[in-house]
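A.B. asks: mind folding the following:
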Amino acid sequence: MTMIVTEVVNKGVEIDPGLVPAVEMGLFVKSLYEGALRFYENPENMRRFKEWQRKREKEENHDGH
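C.D. replies: Take a look at the predicted model:
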C-alpha cells in the first residue's frame, strides 16, 4: 500500500500530491471548484473578498512590492 500522507506537521497533514491517484485528484479538484463557485455566488462573500483584495493591494503598493 502506498502512503499518501507523508508527515503530520503542527497538527496538520502533509500529503504528497504525486501519490494521489488521478481519479481521486480529479474528484477532489472538481468538488473544490464547485464549492468555490457556490461560495462566491453569495454577494456578502464576494464583497468581503473584494475588500480583502483592495487591502492587500494597498499594503503591497505601500511596501513597494
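A.B. asks: now do the SS call for V13.
C.D. replies: strand (DSSP: H, G, I helix; E, B strand; the rest coil).
A.B. asks: that one and F28, how far apart?
C.D. replies: Using C-beta to C-beta, to the nearest Å, V13 is found at 14 Å from F28. For the C-beta atoms, the positions are set from N, CA and C on the backbone; glycine is no exception.
A.B. asks: also R47?
C.D. replies: Taken as C-beta to C-beta, the span from R47 to F28 is 28 Å.
A.B. asks: what about stretch 26-42, distance to the chain center?
C.D. replies: 10 Å (C-alpha atoms, centre = their mean, to the nearest Å).
A.B. asks: next: stretch 38-48.
C.D. replies: Relative to its chain's centre, stretch 38-48 lies at 16 Å (C-alpha atoms, centre = their mean).
A.B. asks: check stretch 22-35 too.
C.D. replies: 12 Å.
A.B. asks: report pLDDT for I15.
C.D. replies: The model reports I15 with a pLDDT of 82.
A.B. asks: before we move on, what about the one 3 residues further on?
C.D. replies: Note for G18: predicted pLDDT of 90.
A.B. asks: quick one: mean pLDDT for stretch 41-55?
C.D. replies: On average, stretch 41-55 scores 96.
A.B. asks: show me the helices in this protein, by range?
C.D. replies: Remark: helices assigned in the chain by DSSP state H are 22-41, 43-63.
A.B. asks: can I get these in JSON lines including mean neighbour count?
C.D. replies: Listed next are the helices of the chain as JSON lines, based on neighbours: other C-beta atoms under 10 Å:
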{"stretch": "helix 22-41", "mean neighbour count": "10"}
{"stretch": "helix 43-63", "mean neighbour count": "10"}
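A.B. asks: per-residue confidence at the residue nearest the centre of the chain?
C.D. replies: Closest to where the C-alpha atoms of the chain average out (C-alpha atoms, centre = their mean) is L32, at 8.2 Å. pLDDT, L32: 94.
A.B. asks: quick one: it and Y40, what's the gap?
C.D. replies: Distance of L32 to Y40, given as C-beta to C-beta: 13 Å.
A.B. asks: what of G26?
C.D. replies: Here G26 is placed at a distance of 22 Å from Y40 (C-beta to C-beta).
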